[in-house]
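In: Pasting the sequence and the predicted coordinates here, then a few questions.
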Amino acid sequence: MRQEMIGGLTTFLTMSYIIFLHPNMLAETGMDKSALITITCLASFIGTLIVGLWANVPFALAPGLGLNSFFTYSVVIGLGVDWQTALGVVFISGVLFLILTFSGFREKIVHAIPLSLRLAMPAGIGLLITFVGFKNMGLIISNSSTLLQMGNMSSTLIISLLGLVLIILLEIKKIKGSILLGILFIVISGIIFGQIQAPESYISSPPSIEPIAFQLNIIQAMKISLIGVIFSFLFVDMFDSVGTIIACSYEAKIVDKNGNIKGIDKILGSDAISTVIGSLLGTSTITTYVESASGISAGARTGLSSVIVGILFLIAPFFAPLIQIVPGYATAPALVIVGLYMFRNIQKINFTNLEDGIPAFFTIIIMPFTSSISLGLSYGFISFIILKIASGKFNQVSLILWIIGILSLANLVISS
């Protein structure tokens, strides 16, 4: 019991930065930030409880970084889609993910995607997240001639940079909850130097979810022009979840000698069900968090630790007055660090083999340059298929990959 409680607390402290970061990001779409605080915690509580009680694994679920960035900057701000319709897109992608999981088709899709592209996806998203982080810090700003330039060294930028340095040092020292500590450092520094107004109280009733909950627009989300967006949410969530689950499963020692993960369908099913519920409540895609590995390393082995994490998320909204004062530049360093962790597996891509290297490079580089995950994926898939055909290697393009390629081409036509 003690071991599971310590593991659950460790996981929560490691991933609790999402309580501050997620509402700040989605609020840029016009959604109510106060309501988002409660919704973020409630969706995380429900998702983590489902995977803990149903799959009995020490994993934690919450709104996924990268996917919330895609939701905010690519879909709502980039395409001009209202947040209600964007939530409808998340709902549809969650339902499709659920169908693919329990039909067994999900596994075939995962195997059909080349390893180089699977590794390129998180790397590209990592660059996009880092770009958003630097922008929110004020480190980079727009320039009419060069597109981008270095921002002015303001007091908020200096505080934010110091927070980033602190998080990096704590990460090097392997201190649990380093990102949370970095955010708290920036907030306290902001209060001391008059950049942030201290809250009048620290505890209150959780903000109402009424301004956002159950306002998704599923009908509008079914438009042909949003097929590529649904496709992107579906596949990014799928590969993000699979990669995280595999990594955490080995850490938790729930992988058998044949490489099979115990209860994999229940784990992925929990992920998909949570995304559907989350979209109804009013948040972007829910996914399994790699920070679960920190709790596992601290001794978590069963779903009891997940229940502990869920309860802590349920308590968090009572501290909404404190969460509400956290500005974007305080959570920006967290985006940079998460971007780093998503980018680091790039070393596994063989760029010397251009048939793999070029599609991977297009996937990675187009995402931050266009602020679109779907365009990066589309160019990656299409270029891979073209290069294989040009090389006479038709047998390396499966039927499923052909279907993905056609969908990718449709996405490019619709997006142009």
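Out: Yep, that arrived.
In: OK, contacts around residue 26?
Out: Going by C-beta atoms under 8 Å, 6 or more residues apart in numbering, residue 26 touches 36, 68, 71-72, 83, 283-284. Every residue, glycine included, has its C-beta placed from N, CA and C.
In: Give the buried residues for the helix or strand hosting it.
Out: Per DSSP states H and E: residue 26 is located in helix 17-26. Using 16 or more other C-beta atoms under 10 Å as the test for burial, helix 17-26 gives 17-26.
In: Nearest to residue 215 among the residues you listed?
Out: residue 26 (13.2 Å; C-beta to C-beta).
In: Can you list the residue ranges for helices in the stretch 201-350 of the chain?
Out: Counting by DSSP state H, counting those that start in this stretch, the stretch 201-350 of the chain has these helices, from start to end: 218-221, 227-252, 264-281, 292-297, 303-315, 320-324, 328-343.
In: looking at the ones you listed, which is closest to residue 175?
Out: Of the helices of the stretch 201-350 of the chain, nearest to residue 175 by C-beta to C-beta is helix 292-297, at 10.6 Å.
In: rewinding a little: just the buried residues of the contacts of residue 26.
Out: For the contacts of residue 26, buried by 16+ other C-beta under 10 Å: 36, 68, 71-72, 83, 283-284.
In: Sort out which of those are in helices and list them.
Out: If you go by DSSP state H, the buried ones among the contacts of residue 26 have 36, 68, 83 in helices.
In: Could I get those residues in CSV, plus columns for pLDDT and distance to residue 314?
Out: Shown next, in CSV, are these (pLDDT from 0 to 100; distance: C-beta to C-beta, whole Å):
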residue, pLDDT, distance to residue 314
36, 96, 16
68, 90, 20
83, 97, 25
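In: low-scoring stretches of this protein, by residue?
Out: 106-107, 110-111, 239, 243, 247, 258-260, 414-416 (pLDDT under 70).
In: Tell me which stretches of it form strands.
Out: With DSSP state E applied, the chain shows strands at 61-63, 140-143, 147-150, 286-288, listed in chain order.
In: what residue is smack in the middle of the chain?
Out: residue 65 (2.2 Å; C-alpha atoms, centre = their mean).
In: Now do the same contact list for it.
Out: 18, 21, 129, 335, 338.
In: Check residue 382 too.
Out: Taking C-beta under 8 Å, 6+ apart, one finds 405, 408-409, 412 in contact with residue 382.
In: try 10 Å
Out: When contacts are counted by C-beta atoms under 10 Å, 6 or more residues apart in numbering, residue 382 is found next to 359, 362, 404-406, 408-409, 411-412.
In: got the CA coordinates for the helix holding residue 26 in CSV?
Out: In CSV, the C-alpha atoms belonging to helix 17-26 read as follows (Å, rounded to 0.1, in the frame of the first residue of the first chain):
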residue,chain,number,x,y,z
TYR,A,17,2.2,20.8,-14.7
ILE,A,18,-0.6,20.0,-17.1
ILE,A,19,-3.1,21.5,-14.7
PHE,A,20,-1.4,24.9,-15.3
LEU,A,21,-0.3,24.5,-18.9
HIS,A,22,-3.4,23.0,-20.5
PRO,A,23,-6.0,25.6,-19.5
ASN,A,24,-3.6,28.4,-20.6
MET,A,25,-3.2,26.9,-24.0
LEU,A,26,-6.9,26.0,-24.7
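In: Backbone dihedrals for the residue nearest to the centre of the chain, please?
Out: phi -70, psi 140 (degrees, to the nearest 10).
In: Return the distance of the closest residue to residue 143 other than its chain neighbours relative to residue 216.
Out: Excluding the flanking residues, the one nearest residue 143 by C-beta to C-beta, 6 or more residues apart in numbering is residue 149, at 4.1 Å. According to C-beta to C-beta, to the nearest Å, residue 149 and residue 216 sit 39 Å apart.
In: do the same with residue 117
Out: 30 Å.
In: again with residue 184
Out: In terms of C-beta to C-beta, residue 184 sits 33 Å off from residue 216.
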